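In: How does the following fold in three dimensions:
(one chain, ligands or ions: 1)
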Amino acid sequence: MKKIAVLTSGGDSPGMNAAIRSVVRTCAYHGIECLGVYQGYEGLIEGDFKPMDARSVKGIINKGGTILKSARSKGFRTEEGRKKAHKQLIDAGVEGLVVIGGDGSFTGALIFNQEFNFPVMGIPGTIDNDIYGTSHTLGFDTALNTVVDAIDKIRDTASSHNRLFFVEVMGRDVGHIALNAGIAGGAEEILIPEEDLGLDRLVESLNRSRKSGKTSSIVIVAEGDKIGKNIFELKDYVDENMEGYDVRVSVLGHMQRGGAPSCFDRVLASRMGVKAVESLLEGETNYMVGLLDNSIGVTPLEKAIKGKSKINLELLRVSDIMST
Ligand code: F6P
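Out: Prediction:
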């Protein structure tokens, strides 16, 4: 293999730049060429490529977002789009592709490989941590630190004004951010998609903690929570069914996706980039690199896409005990 391309796809996450840097520098280390693809799969279709050498990724390890930009491509979902993308890669002399993204991006990579037998390797980049085959996705640790910092600040107001705050965090289908940041931020309740607490039990539990002497409370709500109401309806319900608290809502939104990656994410990205390139050079294809038991390994893309990343049940119990 003499030339590899790298792209970022789906929602950006802190650590993507560090992973691009690692892919580019690992290519340089092994004396092969590297092309950066702009705008994810859209850029693949359009041939929006730029040669990258070790120096073109200087000063980015500490930057959030992705210098290659990202997109959720509709074109790549069509056979015609993928055909164009394949032609662009062949014309540019590319022999392997590293895709940094989430499970949607990996599904695209796998289909692409099956259609054209083109070698692909995935690096999991999403703050949601919702990918099977790695204990941590790139950006998860940074997002947790951002959320905990926000909860700490909200708590100042909650306790100064004796308020109950509902804080919505990201996590479309999973509660990893909510559960971990909720425990670290001392939340009274954590509502996640994996568990339906039910409105009555929520109010009961908040009443219990109020009676035990708490004067303020924070409830963390994952955006994909299955309780059946959005966070503003939740607030209204609790307002109507509970005495004694002034209730407020805070939706953290995209601030969770930005910012400088944590030390953990920078190291993880560097390790994953090396493994992705070296696996391609060893003739491997259709794998996602991941962190398992603190070692970098690979999982077949198909498994990574189909498998479910499960929440840690021990954390649920810890959270229950901590909110006593
Ligand atoms: O997949 C990561 C994620 O941050 C989800 O938690 C969230 O639902 C989604 O992206 C938001 O995506 P967008 O930026 O397209 O609104």
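In: neighbours around the nearest residue to residue 285 once chain neighbours are set aside, how many?
Out: In space, and not counting its chain neighbours, residue 285 is closest to residue 119: 4.0 Å by C-beta to C-beta, 6 or more residues apart in numbering. C-beta: built from backbone N, CA, C; applies to glycine. Residue 119 sits with 21 neighbouring residues when counted by other C-beta atoms under 10 Å.
In: wait, doesn't residue 119 sit right on residue 281?
Out: No - if you go by C-beta atoms under 8 Å, residue 119 and residue 281 don't touch, sitting 10.0 Å apart.
In: Show me the common contact partners of these two, please.
Out: Contact with both residue 119 and residue 281 is made by residues residue 1, according to C-beta atoms under 8 Å, 6 or more residues apart in numbering.
In: so where is the protein shaky, pLDDT-wise?
Out: 228 (pLDDT under 70).
In: which residues in this structure form helices?
Out: Per DSSP state H, the chain carries helices over the ranges 16-29, 40-46, 79-91, 103-116, 140-160, 176-184, 199-211, 231-241, 263-281, 301-306, 313-322.
In: could those be laid out in CSV, adding distance to the ligand?
Out: What follows is the helices of the chain, written out as CSV (distance: least, C-beta to the nearest ligand atom, whole Å):
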stretch, distance to the ligand
helix 16-29, 12
helix 40-46, 12
helix 79-91, 20
helix 103-116, 9
helix 140-160, 8
helix 176-184, 8
helix 199-211, 22
helix 231-241, 13
helix 263-281, 15
helix 301-306, 14
helix 313-322, 18
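In: quick one on the thing from earlier: so what's the residue nearest to residue 285 up against?
Out: 1, 95, 96, 97, 113, 280, 284, 285.
In: Keeping just the C-alphas, turn stretch 12-20 into PDB.
Out: Output in PDB follows, covering the C-alpha atoms of stretch 12-20 (Å, rounded to 0.1, in the frame of the first residue of the first chain):
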ATOM      1  CA  ASP A  12     -17.700  16.100  15.100                       C
ATOM      2  CA  SER A  13     -16.100  15.200  18.400                       C
ATOM      3  CA  PRO A  14     -13.000  16.400  20.300                       C
ATOM      4  CA  GLY A  15     -10.100  14.200  19.400                       C
ATOM      5  CA  MET A  16     -10.900  13.900  15.700                       C
ATOM      6  CA  ASN A  17      -8.000  16.300  14.900                       C
ATOM      7  CA  ALA A  18      -5.600  14.400  17.100                       C
ATOM      8  CA  ALA A  19      -6.700  11.200  15.200                       C
ATOM      9  CA  ILE A  20      -6.100  12.900  11.800                       C
END
